[in-house]
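Engineer: this one's structure only:
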C-alpha cells in the first residue's frame, strides 16, 4: 500500500471502506446480540413456542437438564463463542485457499442469508449455523486488512484500530435503537429481517471499496510455502499465552449481552417521561458512552505524553481491568440498594456503563493492535483468528457464569464479576512490572 495515502482523517482511503463495512456488519450483529437473550427468555423458550423447531430437541440435550434462563444464557454463550472461534477456519481459508477478499465476500453473503432466515422461527438453529459460519469467514479477514494498510512500525497503526472500534460502536449504537425497537414493538422476526438488510449494505460498501484495499498476498498452498522462522514462532507463542488471560478479562464486559440484559429487564427502572423504553436500549447507552470514550482517549494520552511516556500495552490492560472492576461494583451496589419492588435506579447502570466503557477502551483495541504487531506476516489471517479465540473462550465462560444468575442473589452475582476483573488486573500489573511478554516501543 502507498504509505503516503492520508485521504481519510490522515489514514489510507481503504480504512474508510473497511470501517463502514464493519459498522454495518456490526449493526446486523449487535442487533442480533441485543435481541437473542431476551428473545429466548421472553418468547422462544416459553411453553409451546419451541415446538416444531428444526433439530431443537437434539440440540437441547447438549445442555443436560437446563431450562428457562440458564438454558437461554447457555445458548447465547455458545452462539457468541462459536462466532469467535470460526475465524480460525476463516483465516486458514483466506491464507491458503481463497485469499482475504473472496473469503470476506463469501462470509458476508452467508451472514446475510442467516439473518434473513432468522425471520423464520422454525429455522432458528440453521440460521444460527449460517451466522456462525459466515462470521468466521468475515471477521478476521476484514480486521487483518487494516493492519496490512500500514507498515509494521507506522505510528498510525494504533490510531487506525481506535477508529475501527469507533466504527464498531457506531453500528452498536444504531442497532438497538432500530432493530431492538422494531423487535420489541413490531415483532421479533421483523427485527431479525432488518439485521439482514444491514448486512446487505455492508456487502455493497465492501465491494465498492475493493480497489482501495490491500492486494491479496496469497497463493494456493504448495510444498515449502508457509514455513515459519523462529521469530515467527516466538510471536505466535506470545499470542497463545495471552489468550486465556484475555478471555477471562473480557467476561465482565461480555456479560452485558447475556445476564445483564435479563437483570436489567427485571430490575432497572427503564422509564423516560413516564414511558418504559425497550430493554435493548441499554446496549445503545453502553455504545454511546463507549463511542465518546474511544473518541476522547487518544487525545487524553496525547496530552499525557507531553509530560511522561504513554503507558505500554500491558499497562493499559491493567488500567482497563481496574475500571471494569469499578463498573461491576456499581451493579453490585445497585442491586443491594434496590427498592421493595426489586428495581433500582438507572443511575447505577449509567455509572456501570461509563466505568466499563473506559475499561473497554483500554482492553479491546489495545489487545487487537498487540496481536497484529506480534503476528508473523505470512500468517496474518491465522493470528487474527487466534485473537478471536479469546472471545470464544470468553463467551463460553459468559454462558456458564450467566447461568449462576438464576440461583445467586444479584449482588453476589455482580460481586463475582468484580472479583474476576480485579484478578485479571492484578495479573496484568505483574506482567507489566516484569515486562514478561510484550514490550511497548
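Structural biologist: Great, that's in hand. Keep in mind that what you see is a predicted model, and the values were worked out from it rather than measured. Residues are numbered from 1 along each chain as shown.
Engineer: which is the next helix or strand following the longest helix along the chain?
Structural biologist: Determined from DSSP state H, the single longest helix within the chain is helix 346-374. Sequence order places helix 380-402 as the next helix or strand after helix 346-374, per DSSP states H and E.
Engineer: which helices and strands does the longest helix of the chain pack with?
Structural biologist: helix 124-148, helix 156-175, helix 230-254, helix 281-304, helix 313-336, helix 380-402 (3 or more Cβ pairs under 8 Å, 6 or more residues apart in numbering; DSSP states H and E). C-beta coordinates here come from the backbone N, C-alpha and C atoms, glycine included.
Engineer: let's see it at 6 Å
Structural biologist: When contacts are defined as 3 or more Cβ pairs under 6 Å, 6 or more residues apart in numbering; DSSP states H and E, helix 346-374 packs onto helix 156-175, helix 230-254, helix 281-304, helix 313-336.
Engineer: Would you confirm that residue 429 contacts residue 318?
Structural biologist: Yes: with contact defined as Cβ atoms under 6 Å, residue 429 counts as touching residue 318 (4.7 Å).
Engineer: Any stretches of this protein with poor pLDDT?
Structural biologist: Across the chain, the ranges flagged by pLDDT under 70 are 1-7, 152-153, 155, 158, 217-228, 231-232, 235, 374-385, 435-441.
Engineer: that older thread, who's more crowded, residue 429 and residue 318?
Structural biologist: Between residue 429 and residue 318, counted using other Cβ atoms under 10 Å, residue 318 has the larger neighbour count: 23 against 17.
Engineer: The more buried one - nearest residue in space that isn't next to it in sequence?
Structural biologist: residue 428 (4.1 Å; Cβ to Cβ, 6 or more residues apart in numbering).
Engineer: Distance-wise, check that neighbour relative to residue 372.
Structural biologist: 19 Å (Cβ to Cβ, to the nearest Å).
Engineer: now the residue nearest to residue 331 when sequence neighbours are not counted, what's its secondary structure?
Structural biologist: Closest residue to residue 331 apart from its sequence neighbours, by Cβ to Cβ, 6+ apart: residue 414 at 4.0 Å. Of the three states, residue 414 takes helix under DSSP: H, G, I helix; E, B strand; the rest coil.
Engineer: what about residue 351, how many neighbours?
Structural biologist: The burial count for residue 351: 18, using other Cβ under 10 Å.
Engineer: swap in residue 408?
Structural biologist: What residue 408 shows, counting by other Cβ under 10 Å, is a neighbour count of 14.
Engineer: likewise residue 299?
Structural biologist: Residues near residue 299, counting by other Cβ under 10 Å: 9.
Engineer: who's in contact with residue 411?
Structural biologist: 332, 335-336 (Cβ atoms under 6 Å, 6 or more residues apart in numbering).
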